[in-house]
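[1] build the 3D model from these lines:
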Amino acid sequence: MGFGHGLLLFGVGVTGSTGDDLVTGPVTGQDGDVYFAFVSGNPALDLAATVGSRRDEPIDALAAPADLERWVAECEELPDRVTADFATFEFALSLREAIYRLALDRVLDRPFDPRGLKIVNGTAAGPVPTIELSDAGLRMSGDLRAALAQIARSAIAVLADPHACLKECGRTGCTRIYLDRSRGARRTWCGMDECGNRVKAAAYRARRRARPQSQ
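    From the prediction side, this is the model:
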């Protein structure tokens, strides 16, 4: 399923990264495998970041249930294997948008959206994955609903922490919200590979263009 249908949360389109209202508009789906980046410092924030470029032309990395299954498998803090039916997939997208809206509320220092709180708190109340210790290390198991409950609890933990420094990436066009744990909270981009190197390369090209041409 592509995203020509437009992702709906609370009866409206995907949330934007500025303003008080939710921004309407369809999300562009992806064809083929998508690279997932886990650089936000929290799995809930990483889930929220699976929609990129929210201000301009939103691009959704979770265009089908199989994408969500792969995202969960690649997230080190969740069970290795889950199966996503269509209903649970749609629910996961609603949770994602609720997390994003609440994280944006935190970044902008405004009251949490009540509808987002209801979704996140309700999801967090569900059963969570089970964990087992063996000689091979930690093993986590559970279905997708349990994984979503774990994500919701991670969202609550970071959003309720008064000392957590949440920022939006400094690269123009990137709307990923991340947890800055750097010394002095000096981190500017969500990740060097994802955005930092792009910013530096663009600045270098701009300096080259501005340099007077030799006669």
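[2] need the longest helix for the protein.
    helix 86-107 (DSSP state H).
[3] can you give me the buried ones in it?
    88-89, 91-106 (16 or more other Cβ atoms under 10 Å). C-betas here are computed from N, CA, C, even on glycine.
[4] for stretch 136-145, same thing?
    The neighbour-count check on stretch 136-145 (16+ other Cβ under 10 Å) flags 140, 142, 143, 144, 145 as buried.
[5] now, which of the residues you listed lie within strands?
    Judged by DSSP state E, strands contain the following of these: residue 140.
[6] which of the buried residues of stretch 136-145 has the weakest pLDDT?
    Minimum pLDDT for those is recorded at residue 140 (94).
[7] and the gap between that one and residue 159?
    Distance, residue 140 to residue 159, by Cβ to Cβ, to the nearest Å: 23 Å.
[8] cool, and residue 141?
    Distance, residue 141 to residue 159, by Cβ to Cβ: 27 Å.
[9] could you do residue 70 as well?
    Counting by Cβ to Cβ - residue 70 and residue 159 are separated by 26 Å.
[10] ok, these two, which is more surrounded?
    Neighbour count, other Cβ atoms under 10 Å: between residue 70 and residue 159, residue 159 has more, with 21 against 18.
[11] where do the helices sit along this structure?
    Secondary structure of the chain (DSSP H): helices at 43-48, 65-74, 86-107, 114-124, 144-160, 197-210.
[12] quick one, what contacts the spatially closest residue to residue 88 that is not a sequence neighbour?
    Leaving aside its sequence neighbours, residue 88 sits nearest to residue 144 (Cβ to Cβ, 6 or more residues apart in numbering; 5.1 Å). Counting by Cβ atoms under 8 Å, 6 or more residues apart in numbering, residue 144 makes contact with 68, 69, 72, 82, 83, 84, 88, 92.
[13] just put the residues you listed in TSV and tack on pLDDT.
    Formatted as TSV, these follow (pLDDT from 0 to 100):
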residue	pLDDT
68	97
69	97
72	97
82	97
83	97
84	97
88	97
92	98
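[14] got a PyMOL select line for the buried ones in these?
    The buried residues among those can be selected in PyMOL (16+ other Cβ under 10 Å) with this line:
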select buried, resi 68+69+72+82+84+88+92
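[15] in a markdown table: the contacts of residue 144, plus distance to residue 170.
    Below are the contacts of residue 144 laid out as a markdown table (distance: Cβ to Cβ, whole Å):
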| residue | distance to residue 170 |
| --- | --- |
| 68 | 28 |
| 69 | 32 |
| 72 | 29 |
| 82 | 33 |
| 83 | 38 |
| 84 | 33 |
| 88 | 35 |
| 92 | 28 |
